[in-house]
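>>> Sequence first, predicted model second:
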Amino acid sequence: MEVKTGPLLAAINYPADLKKFSEEDLEQICHELRQYIIDVVSVNGGHFGASLGVVELTVALHYALNTPYDKLVWDVGHQAYGHKILTGRRGQFHTNRIINGISGFPKITESEYDTFGVGHSSTSISAALGMAVASHYKGEKDRQHVAVIGDGAMTAGLAFEGLNHAGIENSNLLVILNDNCMSIDPNVGALKEYLTSITTSKSYNRFRDDVSHVLTKISALGPNAHKYVKKIEKSIKGTLLKQSNLFEALNFRYFGPVDGHDVKRLAATIKDLSAIPGPKLLHCVTVKGKGFALAEKDQTKWHAPGLFDKITGEIKKSVADKPQAPKYQDVFGHTLVELAEANEKIVGITPAMPSGSSLNIMMKAMPNRAFDVGIAEQHAVTFSAGLATQGLVPFCNIYSSFMQRAYDQVIHDVAIQNLNVVFCLDRAGLAGADGATHHGAYDIAYMRCIPNMVVASPMNEEELRNLMFTAQQENVGPFTIRYPRGSGVMPDWKRPFKKLTIGTGRKIADGEDVAILSIGHVGNFAVEACTALNTEGINPAHYDLRFVKPLDAALLHEVGKRYAHVITVEDGCVQGGMGSAILEFMADHNYKPNIVRLGIPDVFVEHGEQPELWDVCGYDTNAIIAAVKKIAVGRTTKVMAS
């Protein structure tokens, strides 16, 4: 579908074209850019509210700075749709997040304007500081370095580590705090309350504009003037707002809060701040979803709504002619409440993803037993460990790719102490259109090597419930349950709980010659493959391992003794994954089957729909059929030759 471009935006292919317009044209350019994002995302999908909220800031930055010479880092990257459109990718924007199209996040290999890959949050300050220090080392004193960080991303420890270091480097760094009180869900914590106190302080806001403008002009007169300005500024701000020393205590010059939708004022302010040496922080107040009324009103719903009617605001959903299986995340959310009603020790924890993980179901039903700790995965894990030391059973729900950020805490704070923390890893496997930064490819490999850790994955919704039920039993220890993004296979999923014996799998189908070993949801691909193969007279066996640690030794001894050929199937990396575990077991017990491993190859897989990526990586139903047939044909050929 061709999307109409406004007349001013149509003339802008790169930031150099933007600079040809007068300041008076900037508001119209913002209007056209915002409308273009609405038009494209409504028919192609993608993140929505975050990029609408920074349209004016995006235009102001590229108007005031000399990008790409000046370095601009976005945090989190789903704010950067406007940035992509203004930096040579308007013609490709309709391919955003589509297989073989442009990425939904800034990506170094995609454009020289994308200075840093930013799929996960809170990296911008550290990255931009590294760039600033490198520029200083190379003598590039005129180069600007800007980190645009959402206030939700500011809650992560990495952001504070970056601020702490930047304050002593005195590098040419500007941090722009995009304050909209939102990440995906509403922000939580003391930082949010602090920022609110700044934006609502009448006495501070009455004086801020004139004072900041005058001091900026004086500071530009030279280094000596700059030293006196800093003293005057601190004195005034300390008098007007006692809390204003949070950033200044870290040796940042604080400016703001300013209206993040006043594009002319923003451009002028950014130009002024570029003349001031050292670390600076500009506090911009914005509205997530700005310019689309429904997105402003319900910011969580419109973070990434899918396809919608831009006129009526109706979000388009497929209509099914039969009962549909639920999403795994919703099975988790409802099951956790059911378990918590029977076990008062159970609590829920998530790092800023209550709606994405469906922990919001428990937060609504039991608000005193469910905790959103903000974008702070390391804290989420160690906080859970602290709860476990006192006899509680924390269900810590973190996206698989985000759990990578808390790996030391998993080992040091949970596993070494053998604490009963249940890690529910959502979005395990190939997560789809978010791409390489969000695929949960590595959790089997990085969890199964940890002593004391149980690692399991359900083939369907009933198994997810039973694994959760089993994980909260007494003296279980650290327990990881991984499950994918999207729906399961059981419309009638709410069945009575069954306690599972840890480390046991099950035989789905008996067979001959070839044994298929699967873990998790992809076992359903194997069921489909076996059904199709049976019609052709090929009868492979199929085993659902269910646990990759500990392995079901009895099951694997049976496989090792009976089958000359084994195919392993997993929605995870083949390097160190379930297939590798099977190879280790067979070698350790002197079994010598021919083993073919299907899973995510040793590459970073790009974005696309999940079925497209399963096909590309070679472990969908058709790939399993092909792997079995290759073995069957080879066996038949050998028999005929003999």
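Good, I have the coordinates.
>>> did I read that right, residue 139 in a helix?
No: secondary structure of residue 139 (DSSP: H, G, I helix; E, B strand; the rest coil): coil, not part of a helix.
>>> Poorly predicted segments of the stretch 501-642 of the chain, please.
Along the stretch 501-642 of the chain, segments meeting pLDDT under 70 span 634-642.
>>> how about the strands in it?
With DSSP state E, counting those that start in this stretch, the ranges of strands along the stretch 501-642 of the chain come out as 506-509, 514-518, 541-544, 547-549, 565-573, 594-600.
>>> Let me have the ones you listed in a markdown table, extended by distance to residue 300.
(Each C-beta comes from the backbone N, C-alpha and C, glycine too.) Below are these laid out as a markdown table (distance: least, Cβ to Cβ, whole Å):
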| stretch | distance to residue 300 |
| --- | --- |
| strand 506-509 | 39 |
| strand 514-518 | 35 |
| strand 541-544 | 36 |
| strand 547-549 | 34 |
| strand 565-573 | 28 |
| strand 594-600 | 30 |
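>>> So which of these is nearest residue 439?
Ranking the strands of the stretch 501-642 of the chain by proximity to residue 439 (Cβ to Cβ) places strand 594-600 first, at 7.5 Å.
>>> Contacts for whichever helix or strand residue 58 is part of, please.
For residue 58, the element it lies in under DSSP states H and E is helix 55-64. The list of residues contacting helix 55-64 from outside it, by Cβ atoms under 8 Å, 6 or more residues apart in numbering, reads 15, 18-19, 26, 29-30, 33-34, 37, 67, 72, 80, 82-83, 86-87, 146, 148, 176, 178, 260-263, 266-268, 270-271, 274, 284, 286, 290-291.
>>> cutoff 7 Å now
Helix 55-64 has contacts (Cβ atoms under 7 Å, 6 or more residues apart in numbering) with 15, 18-19, 26, 29-30, 33-34, 72, 82-83, 86, 146, 148, 178, 260-263, 266-267, 270-271, 284, 286, 290.
>>> Quick check: what element follows that helix along the chain?
Past helix 55-64, the next helix or strand by DSSP H and E is strand 71-75.
>>> Give me the mean pLDDT for that following strand.
For strand 71-75, mean pLDDT is 96.
>>> What helices and strands are in contact with that strand?
With contacts defined as 3 or more Cβ pairs under 7 Å, 6 or more residues apart in numbering; DSSP states H and E, strand 71-75 has these neighbours: helix 124-137, strand 145-150.
>>> Out of these, which gets nearest to residue 597?
Closest to residue 597 of those, according to Cβ to Cβ: helix 124-137, at 35.3 Å.
>>> Show which residues not belonging to that closest one make contact with it.
Contact with helix 124-137 is made by 71, 73-75, 115-116, 118, 143, 145-149, 158-159, 161-163, 165-166, 169, 171-173, 175, as judged by Cβ under 7 Å, 6+ apart.
>>> hey, C-alpha coordinates of it in PDB?
The C-alpha coordinates for helix 124-137 follow below in PDB (Å, rounded to 0.1, in the frame of the first residue of the first chain):
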ATOM      1  CA  SER A 124      22.800   4.900  25.600                       C
ATOM      2  CA  ILE A 125      24.600   6.800  28.300                       C
ATOM      3  CA  SER A 126      27.500   4.300  28.500                       C
ATOM      4  CA  ALA A 127      27.700   4.000  24.700                       C
ATOM      5  CA  ALA A 128      27.600   7.700  24.100                       C
ATOM      6  CA  LEU A 129      30.200   8.300  26.800                       C
ATOM      7  CA  GLY A 130      32.500   5.800  25.200                       C
ATOM      8  CA  MET A 131      32.100   7.700  21.900                       C
ATOM      9  CA  ALA A 132      32.800  11.000  23.600                       C
ATOM     10  CA  VAL A 133      35.900   9.700  25.300                       C
ATOM     11  CA  ALA A 134      37.100   8.300  22.000                       C
ATOM     12  CA  SER A 135      36.500  11.700  20.300                       C
ATOM     13  CA  HIS A 136      38.500  13.500  23.000                       C
ATOM     14  CA  TYR A 137      41.300  11.000  22.600                       C
END
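>>> in this structure, which helix or strand is least confident?
None of the helices or strands of the chain scores lower by mean pLDDT, DSSP states H and E than helix 202-219, at a mean of 49.
>>> Inside strands: which ones of the contacts of helix 55-64?
Here DSSP state E is the test, and these give 72, 146, 148, 178, 284 as lying in strands.
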